[in-house]
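Asker: below are the sequence and a predicted model for it; my questions follow.
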Amino acid sequence: MRISDYPFTQEAADQVRKANFSLEFLFDKASFEPARNRAIERVLGAIKGDISDKRPGTDAENLIELLSYPLSRLIVSCLHDDALIRRYALAEAKLAQKRMRREKGDIIPIANDLGLNPLNPNEPFKMHFSEYIRAAHPLRSPRWKLVNRDLKAGYLTVTREELMRLMEELVRNRITRSLPVPLDADICRKLDEYIIQLRSELDKIRAKQNLNLIKVDKEAFPPCIKALLDQVSEGQNLAHTARFALTSFLLQINMSPDQIVDLFNNSPDFDAERTRYQVEHISGSSGTMYKPPSCSTMMTYGNCSFKDDLCKKIAHPLGYYQRRIKFRQ
C-alpha cells in the first residue's frame, strides 16, 4: 500500500510535514513543476468529474503524487467557489475508492484513519452501529438504512465493497470540511496563472449546465422541482423517490438523457454508468416511459418543498409547468 495513494490520511500529512518544503520552494523551484502540474491536473479533473489515477512507482513519482494533493487544496481554496469544493472533495473520494479496489491486501489501516474500527480483519467486517451511522447517513438508498441491516448487540456486518463505499463517503466529508484553507493573498497571487485557466474551465462547465436548463425555461418549474435542482447543484444526494421525480419531470419537458446525466454529475453518489442506465430506463428504453409523480405522491414521500398560490390550484407538477408556460406566452 502506497501512502501517496491516500494523501488525505494522517500518515500522508506527517510525511509532507517531515519533508519540510516551504510553499515558496514548491511554487518557485523548477524541480517541483511536475508536482504543480499534477496539482492542476487534480483540480481540472475534479471540475470535469474525474481525477486521473496516476500509478507512481519510483520514490520521486511518489513524492510528486504526495505533494500534489496539498498544492491542489491550496489552488481550490484560492478559487473561492463552494461548488468547486464539493466537486473536488467528491472527485478525490472517488479516486481513493478506485485505488482501494485495486488493493490486494488490508484496507483496515485506511478505515482506522477515517474513524472506522472493524473488529475482524476479513470480510464480512463487523462494525459498531454508531460508526456505521456516521458514515452511511448521507447515503439515500434503502439498503443503507439501519433497519435494513443485520444489527445485533450493537454491531452489524458489511462487505468489503460496502466498507469501501462508506470510506469513500468519509473521505469526501473530511476533505469538504477541511476546505477552504486559510490563505494569505500573496500565495494566491503566485498561483494566478493556474487559477485563471481553472476558472475558465469552471465557467465552461457552468455554462453547459445553464444551457441545458435554459432550453426548458427553468423559471416555469414548480417549487418542488426547483428545490430538487438546487439540492443537486449544491452536491447533495437525493433520495431515490426524489431522483425519480426530478428525472421523469425533466424527461417529460423534453430534456435529453445526456443533459440530465450532466446535471447529476455533482452528486456525491454519482456513477456515470448507473445514472445513465436509470435515466434511460425512466425515459422508456425498456418500453415504458415513466411519468412524474403527482403532487399528492410528492407530498407522501416528503418531496414537496412548499406551495405557492398556483400549487393550490393544480394537482401535478407538469400541470404547474404547463400553466406557467401558458401565462408567459
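Answerer: Arrived safely.
Asker: tell me the domain ranges of the chain?
Answerer: 3-195, 215-328 (automatic domain parsing).
Asker: can you put these in a markdown table and add mean neighbour count?
Answerer: For the C-beta atoms, the positions are set from N, CA and C on the backbone; glycine is no exception. Formatted as a markdown table, those follow (neighbours: other CB atoms under 10 Å):
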| stretch | mean neighbour count |
| --- | --- |
| domain 3-195 | 17 |
| domain 215-328 | 17 |
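Asker: what packs against the helix or strand hosting residue 273?
Answerer: In this assignment (DSSP states H and E), residue 273 forms part of helix 272-283. In terms of contacts (3 or more CB pairs under 8 Å, 6 or more residues apart in numbering; DSSP states H and E), helix 272-283 is packed against helix 240-252, helix 257-263.
Asker: next, the angle helix 240-252 makes with that helix.
Answerer: Counting by axes from the mean of the first three to the mean of the last three CA atoms, to 10 degrees, helix 272-283 lies at 60 degrees to helix 240-252.
Asker: which SS class is residue 112?
Answerer: When classified by DSSP: H, G, I helix; E, B strand; the rest coil, residue 112 comes out as helix.
Asker: per-residue pLDDT, it?
Answerer: With respect to pLDDT, residue 112 has a value of 96.
Asker: quick one: it from residue 229, how far?
Answerer: Distance of residue 112 to residue 229, computed by CB to CB, to the nearest Å: 38 Å.
Asker: pull the CA atoms of the helix holding residue 273 into CSV?
Answerer: Provided in CSV are the C-alpha atoms of helix 272-283 (Å, rounded to 0.1, in the frame of the first residue of the first chain):
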residue,chain,number,x,y,z
ALA,A,272,-22.0,7.8,-14.7
GLU,A,273,-22.9,4.3,-16.0
ARG,A,274,-25.5,3.6,-13.3
THR,A,275,-27.0,7.1,-13.7
ARG,A,276,-27.3,6.8,-17.4
TYR,A,277,-28.9,3.4,-17.1
GLN,A,278,-31.5,4.8,-14.7
VAL,A,279,-32.3,7.9,-16.7
GLU,A,280,-32.6,5.9,-19.9
HIS,A,281,-34.8,3.3,-18.2
ILE,A,282,-37.2,6.1,-17.0
SER,A,283,-37.1,7.6,-20.5
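Asker: now what about it, what contacts it?
Answerer: 49, 243-244, 247-248, 251, 257, 260-261, 264-265, 289-290 (CB atoms under 8 Å, 6 or more residues apart in numbering).
Asker: make TSV out of the domains of the chain and add distance to residue 202.
Answerer: Below are those laid out as TSV (distance: least, CB to CB, whole Å):
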stretch	distance to residue 202
domain 3-195	5
domain 215-328	12
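Asker: least reliable of the ones you listed by average pLDDT, please.
Answerer: domain 215-328 (a mean of 86).
Asker: check the offset of it from the chain's centre.
Answerer: 19 Å (CA atoms, centre = their mean, to the nearest Å).
Asker: over to stretch 118-138?
Answerer: Counting by CA atoms, centre = their mean, stretch 118-138 comes out at 21 Å from the chain centroid.
Asker: show me what that stretch is in contact with.
Answerer: For stretch 118-138, contacts defined as CB under 8 Å, 6+ apart pick out 106, 108, 111, 114-117, 144, 146, 149, 151, 154-160, 163, 166-167, 169-170, 173, 237, 268.
Asker: hmm, 6 Å instead?
Answerer: Stretch 118-138 is contacted from outside by 116, 144, 151, 154-155, 157-160, 163, 166, 169-170, 237, using CB atoms under 6 Å, 6 or more residues apart in numbering.
Asker: can you map out the helices along the stretch 151-300 of the chain?
Answerer: 160-177, 185-190, 192-214, 223-233, 240-252, 257-263, 272-283, 295-300 (DSSP state H, counting those that start in this stretch).
Asker: okay, these in CSV with distance to residue 45 next?
Answerer: Shown next, in CSV, are the helices of the stretch 151-300 of the chain (distance: least, CB to CB, whole Å):
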stretch, distance to residue 45
helix 160-177, 14
helix 185-190, 21
helix 192-214, 10
helix 223-233, 20
helix 240-252, 25
helix 257-263, 16
helix 272-283, 14
helix 295-300, 36
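Asker: quick one, which of these is nearest to residue 77?
Answerer: helix 185-190 (8.0 Å; CB to CB).
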